[in-house]
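J.: have a look at this prediction, sequence included:
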Amino acid sequence: MKRSHRRQSAWFAFGLLVALGLAYWAGSSAFAQAPGGEDRQAAVSLRSRALSVPPDRGQALRAVCDIPPGLSRHVIVQLDRTPTAEEREELERSGIRLVEYLQNQAWYASVAGGLAEFSPVLERVRGSWSIEPADRLAPRLR
């Protein structure tokens, strides 16, 4: 009787581990991609709208690259990862000053004009968006 109970307990534990492993795997893959194949982690939700990175690189960088030289604007930029202190300094030297963190690697940023799509500093930028009046602005940008 004891062997039977141990064997049942072992199979139960094994089944539980398999079920937990499958649930973890299914959950992580379900959150990684939205139904349209879009990366959910790339979405930035504001009160006024949801921002997603366009597939076209030129369009993704439009808000940053369309600023004329000599001017600067506040925009929303999304980076590929959280920048280190050195990377933040490099971004700032190149004309991108991160002002306030939003979510999902997105920031309100002050960007100097004159950046071209092929600028090396823009390799870290996944997407950029103009700030619209309906967007909730960071207190530092008002």
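T.: Yes, it's here.
J.: immediately after the helix or strand of the chain with the lowest mean pLDDT, which helix or strand?
T.: Among the helices and strands of the chain, helix 2-32 carries the lowest confidence by mean pLDDT, DSSP states H and E, at a mean of 59. Scanning forward in sequence from helix 2-32 by DSSP states H and E, the next helix or strand is strand 44-45.
J.: list the strands paired with that following strand, with their directions.
T.: strand 50-51 (antiparallel) (DSSP bridges).
J.: what's the first helix or strand after the partner strand?
T.: Using DSSP H and E, the helix or strand that directly follows strand 50-51 along the chain is helix 57-60.
J.: would you mark the buried spots in that next one?
T.: residue 60 (16 or more other CB atoms under 10 Å). Quick note: C-beta positions are derived from backbone N, CA and C, even for glycine.
J.: kindly report the same for stretch 68-83.
T.: Buried residues in stretch 68-83 (16+ other CB under 10 Å): 72, 73, 74, 75, 76, 77, 78, 79, 83.
J.: just stretch 118-132 next, same as before
T.: For stretch 118-132, by 16+ other CB under 10 Å, it's 119, 121, 122, 124, 125, 126, 127, 128, 129, 131.
J.: tally of neighbours for residue 134?
T.: Close neighbours of residue 134, defined as other CB atoms under 10 Å, add up to 9.
J.: ok, residue 6 next?
T.: 10.
J.: quick one: contacts for it?
T.: Listed by CB atoms under 8 Å, 6 or more residues apart in numbering, residue 6 has no contact partners.
J.: break this protein down into its domains, please.
T.: 1-32, 40-141 (automatic domain parsing).
J.: any idea which of these has the lowest pLDDT on average?
T.: Of all the domains of the chain, the minimum mean pLDDT falls on domain 1-32 (a mean of 58).
J.: doesn't residue 114 make contact with residue 65?
T.: No. Using CB atoms under 8 Å, residue 65 makes no contact with residue 114, being 9.2 Å away.
J.: who has more neighbours out of these two?
T.: A count of neighbours by other CB under 10 Å puts residue 65 above the other of residue 65 and residue 114, at 19 against 14.
J.: ok, the buried residues of stretch 68-83 vs residue 95, which is closest?
T.: Taking CB to CB as the measure, residue 72 is the one of those closest to residue 95, at 7.7 Å.
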